[in-house]
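Chemist: I'll drop the sequence and a predicted model, then ask my questions.
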Amino acid sequence: MKEKNRLITQILLEYHGFDVSKYDDTFLNKTFRKRITQTLCNTTEEYYTLLKGKNKEGEIFFDSLNICYSHFFRNPLTFAVLERIILPELCLKTRYSKQKEIRVWSAACAAGQETYSLAMLLEELKNSDNEKINFRIFATDQSEIIINEAIEGRYSYNDLNNVNLKRVKQWFTKDGDAYTVNKELKKNIVFSVFDLLSDEFSCPPASIFGDFDLVICANLLFYYKPVYQKKILEKTGNSLTTDGFLITGEAERHILTRYNFSEVFPQSAIFNIGN
């Protein structure tokens with residue numbers, strides 16, 4: 001597997017200018033095998049020849065590595081803990097301190113599903129409280145195309161499977177066969193393009209100084225090699241307030257246990273920096 005990945009990495013860089021050395025070997029090999037099938041190549045050598053040619057296969061291969069998949073309220077346990085414990089706690093913290101707003105970073109936000117899920121919970125908390133609660137969500141992804149999809153906020157009926165009927169009626173407008181997020185839900189969200197592996201910025205420039213109460217970076221880490229996982233965790237962890245929370249994917253919990261993060265509730269995939 002490693003030899004195949006080495007050749008793929010070399011070919012993509014030499015013939016197409018794409019550096020894929022940061023990706024996890026298992027994920028890279030899975031993508032490699034998938035592209036062999038989809039291009040109807042009979043052997044690995046035949047696919048290597050195709051990849052070296054003057055065609056779009058290199059671009060297609062590289063794009064297929066940039067997974068932009070998510071859905072609303074993806075991990076029910078995580079969002080249940082957020083709704084009932086974490087977000088009410090942040091609301092109380094904001095109310096009784098000099099802090100003006102709850103600050104959230106939705107990193108690798110894909111088409112906006114997790115971002116809007118968080119916004120729904122925060123809006124509902126705000127509306128159920130007698131005192132005004134301010135919040136801002138900074139949502140980022142490395143793909144400008146995907147960010148534009150998130151800004152549009154247009155989803156199919158099947159995309160809303162995990163959204164209860166009350167929320168669908170309150171936060172979406174039916175438009176033909178699709179459902180579009182209402183402007184009211186978008187007003188406290190700032191979408192922007194941001195590469196988590198870039199050395200230029202430590203957090204989204206739109207946020208100015210980071211200092212987030214909550215960062216959600218879910219279902220991204222397992223696509224990268226450990227050195228890049230560590231880089232992402234350092235960047236997101238350093239952007240948190242001293243008592244902030246980092247949310248990862250359910251299948252990525254073991255990655256955070258390698259570093260100085262402690263899960264605040266068992267199986268929740270919600271962490272803070274351990275002492």
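Modeler: It's in.
Chemist: for I146, what are its contacts?
Modeler: Residues in contact with I146 (Cβ atoms under 8 Å, 6 or more residues apart in numbering) are 68, 110-111. For the C-beta atoms, the positions are set from N, CA and C on the backbone; glycine is no exception.
Chemist: now G153
Modeler: 112, 116, 180-181, 185-186.
Chemist: Now, the residues you listed that are in helices?
Modeler: Counting by DSSP state H, the part of those found in helices is 116, 185-186.
Chemist: Next, format the residues you listed as a markdown table and append pLDDT, neighbour count and distance to I133.
Modeler: Shown next, in a markdown table, are those (pLDDT from 0 to 100; neighbours: other Cβ atoms under 10 Å; distance: Cβ to Cβ, whole Å):
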| residue | pLDDT | neighbour count | distance to I133 |
| --- | --- | --- | --- |
| Y116 | 98 | 29 | 18 |
| L185 | 97 | 19 | 15 |
| K186 | 97 | 19 | 17 |
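Chemist: A218: which of those residues is nearest?
Modeler: The closest of the ones in helices among the contacts of G153 to A218 turns out to be Y116 (Cβ to Cβ; 14.2 Å).
Chemist: Give me the distance between that closest one and S207.
Modeler: Applying Cβ to Cβ, to the nearest Å, the value for Y116 to S207 is 18 Å.
Chemist: Give the closest residue to L214 in space, chain neighbours not counted.
Modeler: Distances taken as Cβ to Cβ, 6 or more residues apart in numbering put V104 closest to L214, at 4.6 Å, once the chain neighbours are dropped.
Chemist: I meant to write T236 there.
Modeler: Nearest residue to T236, sequence neighbours excluded (Cβ to Cβ, 6+ apart): V215, at 4.8 Å.
Chemist: Can you give me the end-to-end span of stretch 209-229?
Modeler: One end of stretch 209-229 to the other measures 22 Å (Cα to Cα, to the nearest Å).
Chemist: buried ones in that stretch?
Modeler: Residues of stretch 209-229 classed as buried: 210, 212-221, 223-224, 228-229 (neighbour count, 16 or more other Cβ atoms under 10 Å).
Chemist: Filter the residues you listed down to the ones in helices?
Modeler: Going by DSSP H, the helices hold 228-229 from the buried residues of stretch 209-229.
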